[in-house]
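> Kindly generate the corresponding structure for this input.
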Amino acid sequence: QVQLVESGGGLVQAGDSLRLSCAASGRTFSNYAMGWFRQASGKEREFVAAISGSGFSTHYSDSVKGRFTISRDNAKNTVYLQMNSLKFEDTAVYYCAAGRYPSYSVTFSRESDFNSWGQGTQVTVSS
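Down below sits the predicted model:
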């Protein structure tokens, strides 16, 4: 298991940008894919973005593609989610997740492929 701590959420206006960070500890960070999921009030948690252990492969949901960028700094054991052109519908609690299996070059998008989760950080976008 790995411990994950998210930060960077807040209240912004539509069109603004925000960067989320997730600090990891507890195992070799660069061996595992990382992901971001979100859960809006009254809805199920959904996949947002994922990045392979190497950082060379990324994958995004259609709803954020072109606006969000996932990246990682393996020297700092941290994964980021840069969110640009935020929309009201991006309002949600955002969760960082660590991959269940070692994955240097492959990303995942199913919740079952991740086995460690952060506590979540609230992102609220006002229209």
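> Find the nearest non-adjacent residue to Thr124, please.
Leu11 (4.6 Å; CB to CB, 6 or more residues apart in numbering). Bear in mind the C-beta positions are built from the backbone N, C-alpha and C, glycine included.
> for Gly55, that is, sorry about that
Nearest to Gly55 is Arg72, by CB to CB, 6+ apart, at 5.0 Å.
> Just the terminal-to-terminal distance for stretch 35-50.
For stretch 35-50, the first-to-last residue distance is 4 Å (CA to CA, to the nearest Å).
> Give the helix, strand or coil label for the residue nearest to Thr124.
With DSSP: H, G, I helix; E, B strand; the rest coil as the basis, Leu11 sits in strand.
> so what does the longest strand along the chain touch, helix or strand wise?
Determined from DSSP state E, the single longest strand within the chain is strand 92-102. Other elements packing on strand 92-102 under the criterion 3 or more CB pairs under 8 Å, 6 or more residues apart in numbering; DSSP states H and E are strand 3-7, strand 18-25, strand 32-39, strand 114-117, strand 121-126.
> Determine which of these approaches Thr78 most closely.
strand 18-25 (5.2 Å; CB to CB).
> hey, what's the most centrally placed residue in the chain bridged with?
Per CA atoms, centre = their mean, the C-alpha nearest to the average position across the chain is that of Trp36, at 2.2 Å. Counting by DSSP bridges, Trp36 forms beta bridges with Ala49, Cys96.
> how close does it get to Ser127?
22 Å (CB to CB, to the nearest Å).
> next one: Arg27
40 Å.
> what's the answer for Gln39, then?
Applying CB to CB to Gln39 and Ser127 gives a distance of 20 Å.
> ok, these two, which is more surrounded?
More crowded of Gln39 and Ser127, by other CB atoms under 10 Å: Gln39, with 14 against 9.
> Skip the chain neighbours and tell me the closest residue to the more buried one.
Arg45 (4.1 Å).
> Please apply the same query to His59.
Nearest to His59 is Thr107, by CB to CB, 6+ apart, at 4.3 Å.
> now swap in Gly99 and tell me
Ala33 (3.8 Å).
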